[in-house]
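Visitor: Got a sequence here, can you build the structure:
(one chain, ligands or ions: 2)
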Amino acid sequence: MKQATLYRYSLPMDSGVILRHSRLAQRDGLIVELKDFEKVGRGEIAPLPGFSAETIEQAQTQSELCLAQWLEDGEIDWDSLYPSVAFGLSAALAELDGEIPAEGNFLAVPLCSGDPDELVEKLAELPGEKVAKIKVGLYEPIRDGMVVNMFLEILPDLRLRLDANRQWTPVKAAQFSNYVNPAFRSRIAFLEEPCPTPEQSLEFSKETGIAIAWDETLRDEGFSLECKTGLSAIVIKPTLVGSLKTVKVLVEQAHTMGLEAVISSSIESSFGLNTLARIAQWLTPESVPGLDTVSLFGEQLEQTWPGCELPMKTLTDCEVVWQAHP
Ligand SMILES: O=C(O)CCC(=O)c1ccccc1C(=O)O
Ligand SMILES: [Mg+2]
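Guide: Ligands and ions are numbered 1, 2, ... in the order given. Okay, here's the model as predicted:
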């Protein structure tokens, strides 16, 4: 006996600088719950405003159509779905089928705002490899270069992931790198998307020896992964990329090319982050995922994120916006 339910959540948040152009004060999303006799599978469908092309209303309408098909044992055409719907639905189905192992990788790379004292504290709690992520490209590139130098100087066992979100012209990118001590450059694990185009970013890497990673580029029209000098990683945001199958293919391609694959947050609720932590442990066990975003929220949803003390909202507190069985 099958049943499908869509819950809609709304959680208070402050996206801060993570989103740059849009400051979100509230996060809305859907939780899909599939039941098949005693088996249950859940997934989160949460288009991210400013990043996803689809709205939550569009995602809900499409989810309802898909779920109706699933209830009738129909085939789902994954490639025709919005990425957020494809991801949430495929995660719920995979969980229903017992495909996603329960164990998660909750060692998220801490996102730091630029205050070294705060980071030193966060890092002291991290077991094993010390990696942190800093957003760059928000202020003067020279300032970013100085901040990166300072962190790497103060913490000799620290490695950094940087993310410029395509904010630097080649000139600004060069101003940044001129300020980074050449001896420190190899401790930049990667710099995501320094320049507006992938070609400019690759050129930057060639000139500076700083490794780069694709994030936005993965979502460019017609993108296919190729091995390029200087490219060391891809950052995969499943909510923006699509089904679990698409995620798996990207991870496999990256690993085949010797690239690191990093599962990362699109600011899902603590529920969605738990799913991502499990997927990260399952598909990219050697890589620390980029999931340090729960603190942007005012509440958690259904499942706690380890160490997070925010109040908990449960699915029973959420509105059921759709429910059906065959
Ligand atoms: O990747 C991470 O470590 C955290 C997530 C993150 O930075 C992010 C989250 C939502 C939208 C865009 C981005 C981004 O990579 O810029
Ligand atoms: Mg990024």
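Visitor: Around the residue in the chain that ligand 1 sits nearest to, how many other residues sit close by?
Guide: Closest approach between the chain and ligand 1, counting by CB to the nearest ligand atom: residue 290, at 2.5 Å. (C-beta placed from N, C-alpha, C; glycine too.) By other CB atoms under 10 Å, the residues close to residue 290 number 25.
Visitor: Leaving out chain neighbours, which residue sits closest to it?
Guide: residue 264 (3.6 Å; CB to CB, 6 or more residues apart in numbering).
Visitor: Kindly report the same for residue 6.
Guide: Spatial nearest neighbour of residue 6, chain neighbours left out: residue 322 (4.2 Å); criterion: CB to CB, 6+ apart.
Visitor: Quick one: list the elements packing against the strand or helix carrying that neighbour.
Guide: Here residue 322, judged by DSSP states H and E, is contained in strand 319-324. Counting contacts by 3 or more CB pairs under 8 Å, 6 or more residues apart in numbering; DSSP states H and E, strand 319-324 packs against strand 2-12, helix 56-71.
Visitor: if we look at it, which residues are touching it?
Guide: Residues external to strand 319-324 that are found in contact with it (CB atoms under 8 Å, 6 or more residues apart in numbering): 3-8, 30, 60, 63-64, 67-68, 71.
Visitor: three-state assignment of residue 229?
Guide: At residue 229, secondary structure determined by DSSP: H, G, I helix; E, B strand; the rest coil is coil.
Visitor: Which residues are in contact with it?
Guide: Residue 229 sits in contact with 202, 205-206, where contact means CB under 8 Å, 6+ apart.
Visitor: sorry, back to before: using a markdown table, lay out the helices and strands packed on strand 319-324 together with distance to residue 45.
Guide: As requested, the helices and strands packed on strand 319-324 are arranged in a markdown table below (distance: least, CB to CB, whole Å):
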| stretch | distance to residue 45 |
| --- | --- |
| strand 2-12 | 8 |
| helix 56-71 | 5 |
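Visitor: among these, which is nearest residue 40?
Guide: In terms of CB to CB, the element of the helices and strands packed on strand 319-324 nearest to residue 40 is strand 2-12, at 9.6 Å.
Visitor: Give me the average confidence score over the closest one.
Guide: Averaged over strand 2-12, pLDDT sits at 98.
Visitor: What residues of it count as buried?
Guide: For strand 2-12, the buried set under the neighbour-count rule, 16 or more other CB atoms under 10 Å, comprises 2-9, 11.
Visitor: Which neighbours in the sheet does that strand have, and how are they oriented?
Guide: Based on DSSP bridges, the pairing partners of strand 2-12 within the sheet are strand 26-36 (antiparallel), strand 319-324 (antiparallel).
Visitor: Quick one: residues in contact with it.
Guide: 25-36, 56, 60, 63-64, 67, 70-71, 269, 297-299, 301, 313, 315, 318-326.
Visitor: per-residue confidence at residue 22?
Guide: Predicted confidence (pLDDT) for residue 22: 75.
Visitor: Assign it to helix, strand or coil.
Guide: Note that with three-state DSSP, the state of residue 22 is coil.
Visitor: Which residue comes closest to it once chain neighbours are left out?
Guide: Nearest to residue 22 is residue 50, by CB to CB, 6+ apart, at 4.3 Å.
Visitor: Confirm for me that that neighbour is in contact with residue 21.
Guide: Yes: applying CB atoms under 8 Å as the test, residue 50 and residue 21 come out as touching, 6.0 Å apart.
Visitor: For these two, work out which one has more neighbours and name it.
Guide: When residue 50 and residue 21 are compared for neighbours, residue 50 comes out ahead with 12 against 6, by other CB under 10 Å.
Visitor: Show me which residues of the helix or strand bottoming out on mean pLDDT in the chain are buried.
Guide: Every helix and strand in the chain was compared by mean pLDDT, DSSP states H and E; the lowest is helix 116-124, with a mean of 77. For helix 116-124, burial by neighbour count (16+ other CB under 10 Å) applies to 119, 123.
Visitor: do the same with stretch 313-326
Guide: Per 16+ other CB under 10 Å, stretch 313-326 contains these buried residues: 313, 315, 318, 322.
Visitor: Stretch 182-191 now?
Guide: 184-185, 187-191.
Visitor: likewise stretch 160-171?
Guide: Buried residues in stretch 160-171 (16+ other CB under 10 Å): 160-168, 170.
Visitor: Is it in proximity to ligand 1?
Guide: Yes: using CB under 6 Å from any ligand atom, stretch 160-171 reaches ligand 1 at 163, 165.
Visitor: ok, and does that stretch reach over to ligand 2?
Guide: Yes: residues of stretch 160-171 contacting ligand 2 under CB under 5 Å from the ion: residue 163.
Visitor: pretty sure residue 66 is touching residue 90, no?
Guide: No: counting by CB under 8 Å, residue 66 sits too far from residue 90 to count as a contact (10.3 Å).
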